[in-house]
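1. next come a sequence and a model predicted from it.
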Amino acid sequence: MARIILIETSAAVCSTALVSDGAIVSLRLCEDARRQSSLTAPMIKEMLDECCISARDCDAVCVSKGPGSYTGLRVGVSSAKGLCFGAGLPLLAVGTLDLLAAQAADEGAIPQGCKYIIPLIDARRMEVYTAVFSPEGKRLDEVRNLIVEPGCFSSQLSEGPVLFIGDAAGKCKDVLAGPNAFFHQCNPLATSMLRPALEAYKEKRFEDIAYFEPLYLKQFIATVSKKKLF
């Protein structure tokens, strides 16, 4: 089976994983978002060294494509492209919301009788990136950014148990609280890219390495520091 390098840098936790024979055989994780740019490549090298292989021995690279942190996504995609160009590997991409929907099952977080899984990725203040998924992890609507306020997802919550999962689940708990609302606070992890990555590889859903861009949803706005340098 395929040997795939997995890269996830869309949130505060940076993680990499190596898939071989349909299973995760190596994993690295860093919880300091400020060090993503300097540690992603070394983490990948450590995994390859641990398994006594090189990037050229792999079949593909898969990166989490967002939405998420602008800087984090740039780090992940740049790292993935560098590996693909350097080792002559194809590029795969998995949506971060799709990854979280898969992670719900991986972490045993799906409540009994669950009707929907709704990933929530922090977009600052009470804004999130989100989409609605079936309990099986199939996306049912468009990825979008949303300001969470009372009444959001009322249609889904009226049907039965709903799992809200992601790094914004905690901050939305008070607003969305109710008998059918369940919350699982977590960061997306490379290990949960396993199934989506293998499916994409099997179906040969390869990205154009030169032109592939992450899914940002919002424009990056540079700010001017208020600190005086002189």
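-> Great, that's in hand. Numbers count the residues shown, from 1 in each chain.
2. C-alpha coordinates for stretch 55-63, PDB please?
-> Output in PDB follows, covering the C-alpha atoms of stretch 55-63 (Å, rounded to 0.1, in the frame of the first residue of the first chain):
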ATOM      1  CA  ALA A  55      11.400  11.100   0.900                       C
ATOM      2  CA  ARG A  56      12.000   9.400  -2.400                       C
ATOM      3  CA  ASP A  57      10.900   6.100  -0.900                       C
ATOM      4  CA  CYS A  58       7.400   7.600  -0.300                       C
ATOM      5  CA  ASP A  59       4.500   7.700  -2.800                       C
ATOM      6  CA  ALA A  60       3.000  11.100  -2.000                       C
ATOM      7  CA  VAL A  61       2.800  14.000   0.400                       C
ATOM      8  CA  CYS A  62      -0.600  15.100   1.800                       C
ATOM      9  CA  VAL A  63      -1.100  18.500   3.400                       C
END
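3. quick one: low-confidence parts of this structure?
-> Within the chain, the stretches with pLDDT under 70 are 219-230.
4. against which helices or strands is the longest helix belonging to the chain packed?
-> Longest helix in the chain by number of residues, with DSSP state H as the criterion: helix 70-87. If contacts are counted by 3 or more CB pairs under 8 Å, 6 or more residues apart in numbering; DSSP states H and E, helix 70-87 sits against strand 4-8, helix 36-50, strand 60-64, strand 91-94. Every C-beta, even on glycine, is put in place using the N, C-alpha and C of the backbone.
5. list the buried residues for it?
-> 70, 72-84 (16 or more other CB atoms under 10 Å).
6. same question for stretch 4-22.
-> 4-20.
7. return the most buried member of the helices and strands packed on helix 70-87.
-> Each of these was scored by mean neighbour count; the highest is strand 60-64, a mean of 29, by mean count of other CB atoms under 10 Å.
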